[in-house]
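Colleague: I'll drop the sequence and a predicted model, then ask my questions.
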Amino acid sequence: MVDDISYEDELADLREKRLRDLNGGVNVPARPPGTVIEVTDMNIGDLIHAHHYLVVDCWTEWCGPCMTIAPVIDELAAEFAGTVTIGKCDADMNLETMQAFQISAIPTLLFFANGSLAGRLTGAHSGGAIRTSLLRVFGL
């Protein structure tokens, strides 16, 4: 008997490889504009270089202030779709990234422009303050 799951897995792997090839070798998942992307230890380098402007929300599910700003992050992703990419990185699951960027408190927002860290914002700030920081850091 043929295992259908192995064919599905193989097909998914081929699709992912083809998408990477189309994006110049960078693993950028297909997604609707304005959606928040998942950032991990494995993909953060590719994402930093693939997106002109990138904001990474470093958070955890047990962090109350992180949950407070989560809707703001979703709103910013929709508002700046096509200009700024917004991602979320679970601090508990991506310790290498937390160490690399010296994240000692969450929530922390990392702002990347043209492949380099351009700014950071730590703490549960208001939506207006986060938006203002994004506009200032990226010169929008």
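Modeller: Received the coordinates, thanks.

Colleague: quick one: residues contacting the residue nearest the centre of the chain.
Modeller: Residue closest to the average C-alpha location in the chain (C-alpha atoms, centre = their mean): residue 87, at 2.0 Å. By C-beta atoms under 8 Å, 6 or more residues apart in numbering, the contact set of residue 87 is 36-39, 47, 54-57. The way it works is simple: take the backbone N, C-alpha and C, and place the C-beta from them, glycine included.

Colleague: which members of these are the farthest-apart pair?
Modeller: 38 and 55 (13.7 Å; C-beta to C-beta).

Colleague: between the two, tell me which one has more neighbours.
Modeller: residue 55 (28 against 14; other C-beta atoms under 10 Å).

Colleague: okay, now the unreliable bits of this structure?
Modeller: 1-34 (pLDDT under 70).

Colleague: what ranges do the helices span in this protein?
Modeller: 4-22, 44-50, 64-79, 95-100, 127-138 (DSSP state H).
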